[in-house]
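A.B. asks: for reference, the sequence and a predicted model appear below.
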Amino acid sequence: MTYTFIIQPSTYNAFENEAEIIEKCKEWGLLSDKAAKMKAFFYKGNGMNLACTIVGFVDNVTAVIEFDNKQQHCIHPSYLKEMQAANYGSKPSVSADEEEPQIEPTKVDTPEAAELKAEQPKAKELIVDISEASEPPKSKVKKEKKQKLQLPEEKVKLSAIVKEFTTVPNHFSDNDDEVVIYEAVTIIEPETEIGEAWSSHSATLKKNELAIGDKITFEAKIVAKKLTKYPVPYKINNPAKIQKVDS
């Protein structure tokens, strides 16, 4: 069966493993901070009650869910959270002299706007949830601002200090992934402080026989991708032309 209400994402960030999904769902409030595994989610819009899986996100306010027929749909996390309530969809009685409030459709073509239009009878409830989501606790606001670093899209020359060698679980393999954590990571031109970042402990890196405390320069692309189980927000992809710097 094909669902006609679908807002298909043109592109999105797919989760690589369950640990990433759990972490994002905690951030959205879909799971408690103590949750150690995923739970079942249901889409209850358009008179339906469909099992769905969270497979990725477009941005911090747009989750991507997938139904059993493999169709994918964009939805606001707060809206999905509201759908998990047992009494979701039940309408309060309206007296004869009372009119259901009407919401003027937005002219901005976004997933949230499309969701508003598709779910017009529940527009009042949806607005309350989105308003709450747009005013998170101050601690979350500070965290978000800290990560708003404009990263270059192309390869750049960087310097860094080797901080730690460690491993992280790989749910798609029997073996853990070897990684390197760096500190004092800096883009050399234009000079931009990054802070901490990580990369896979690739064969190229192993050839350089790096040790903790080594300062190095290299060329690589840096992206915003958090290391599993570590508060390291940026990943270094395919470092090349690696040189040790004498301290």
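C.D. replies: That came in fine, so what should we check first?
A.B. asks: T167 and S200, how far apart?
C.D. replies: 11 Å (CB to CB, to the nearest Å). Bear in mind the C-beta positions are built from the backbone N, C-alpha and C, glycine included.
A.B. asks: what do those two both touch?
C.D. replies: Common neighbours of T167 and S200, using CB atoms under 8 Å, 6 or more residues apart in numbering, are D177, E178, V179.
A.B. asks: so the last one sits against S202, correct?
C.D. replies: Looking back up the chat, that one is V179. No: assessed by CB atoms under 8 Å, V179 is found out of contact with S202, at 9.9 Å.
A.B. asks: neighbour count winner among these two?
C.D. replies: V179 (20 against 13; other CB atoms under 10 Å).
A.B. asks: bridging residues for the more buried one?
C.D. replies: For V179, the beta-bridge partners are T166, S200 (DSSP bridges).
A.B. asks: try E193
C.D. replies: Counting by DSSP bridges, the residues bridging with E193 are T186.
A.B. asks: which of T167 and S200 has more residues huddled nearby?
C.D. replies: Ranked by neighbour count (other CB under 10 Å), T167 and S200 place S200 first, with 17 against 11.
A.B. asks: give the contact list for that one.
C.D. replies: Contacts of S200 were listed using CB under 8 Å, 6+ apart, and they are D177, E178, V179, V180.
A.B. asks: how close does the third one sit to E219?
C.D. replies: V179 sits at a distance of 19 Å from E219 (criterion: CB to CB).
A.B. asks: what does K241 give?
C.D. replies: Distance from K241 to E219, by CB to CB: 5 Å.
A.B. asks: again with I7
C.D. replies: Applying CB to CB to I7 and E219 gives a distance of 39 Å.
A.B. asks: who's in contact with K221?
C.D. replies: Neighbouring residues of K221 by CB under 8 Å, 6+ apart: P152, E153, E154, K155, V156, I236, N237, N238.
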